[in-house]
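Participant: just a sequence and a predicted model for now, questions to come.
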Amino acid sequence: MDLGKKLREERRRRMLTVQEISKVSGLSKNYIIQIEKGRANPSIGALKKITDALKTPLATLFEDPSVENHYNNSNCGKEVFCVKRGRRKMMKMPSSEVEYFLLSPDLNRKIEFLLTIAKPGVSSGNDFFSHDGEECGVVVKGKVEFTVGGKKFIMEEGDSIYFSSSLPHRWKNVGDVPVELVWAITPPSF
């Protein structure tokens, strides 16, 4: 997957210049060019700033148009979508140790469900995220430190957290086992 190429194609499709993306995202023009050429490994936070400037969900960078949508099966019906474990969309940065699995069928709904898996010591990155909406997460396995709105919260298996997504937020696995988090985010923003 060539993230830089996808970003460049999306930017050109929207008839935007690197300068315009730089101005809106707060990232340098040179850095964006390096990302588009595949010479820089951006964090999820940097990619989120760019996709926000492009007004497109971050997950579109990880979509593979050659893969058919196999979410619905005959046991679910026309109004119900079933996402089988082996058919989840996985989103992972080449330089990241965090795996994101889309549990909802796509980002065209009113809510998004994500499963996040990260090894000990791994985090969502140094950048804080903030966006419109609300989110709720539950720790399925492990121990995680959330920083939301400048406050830190240590959460363990079975604990949940809810907050306005407009508050700057990030997380880090502070346990000694891989952490598994399930998120509900509305509106979809990943």
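Facilitator: It's in.
Participant: each with direction, which strands does the helix-or-strand element of the chain with minimal mean pLDDT pair with?
Facilitator: Comparing helices and strands within the chain by mean pLDDT, DSSP states H and E singles out strand 89-91 as the least confident, with a mean of 78. With DSSP bridges as the test, strand 89-91 is paired with strand 98-102 (antiparallel).
Participant: would you tell me what the next helix or strand after the strand it pairs with is?
Facilitator: For strand 98-102, the following helix or strand on the C-terminal side (DSSP states H and E) is strand 112-118.
Participant: toward the C-terminus, what is the element adjacent to that following strand?
Facilitator: Stepping forward along the backbone from strand 112-118, the first helix or strand reached (DSSP H and E) is strand 134-141.
Participant: helices and strands around that following strand, which ones?
Facilitator: Based on contacts counted as 3 or more C-beta pairs under 8 Å, 6 or more residues apart in numbering; DSSP states H and E, the elements that strand 134-141 packs against are strand 160-164, strand 179-186. C-beta here means a position set from N, CA and C on the backbone, and glycine is covered the same way.
Participant: got a list of contacts for the helix or strand just after it?
Facilitator: Using DSSP H and E, the helix or strand that follows strand 134-141 towards the C-terminus is strand 143-148. Residues from elsewhere that reach strand 143-148, judged by C-beta atoms under 8 Å, 6 or more residues apart in numbering: 128, 137, 152-157, 161, 163, 167-175, 179, 181.
Participant: of the residues you listed, grab the buried ones for PyMOL.
Facilitator: Applying 16 or more other C-beta atoms under 10 Å to the contacts of strand 143-148, the buried members can be selected in PyMOL as follows:
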select buried, resi 137+155+161+163+169+170+171+172+173+174+175+179+181
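Participant: next step: the contacts of strand 143-148 restricted to strands.
Facilitator: Assigned to strands by DSSP state E, the following of the contacts of strand 143-148 qualify: 137, 152-156, 161, 163, 169-173, 179, 181.
Participant: tell me the one of those nearest Arg88?
Facilitator: Here the nearest of the ones in strands among the contacts of strand 143-148 to Arg88, counting by C-beta to C-beta, is Leu181; it sits at 14.7 Å.
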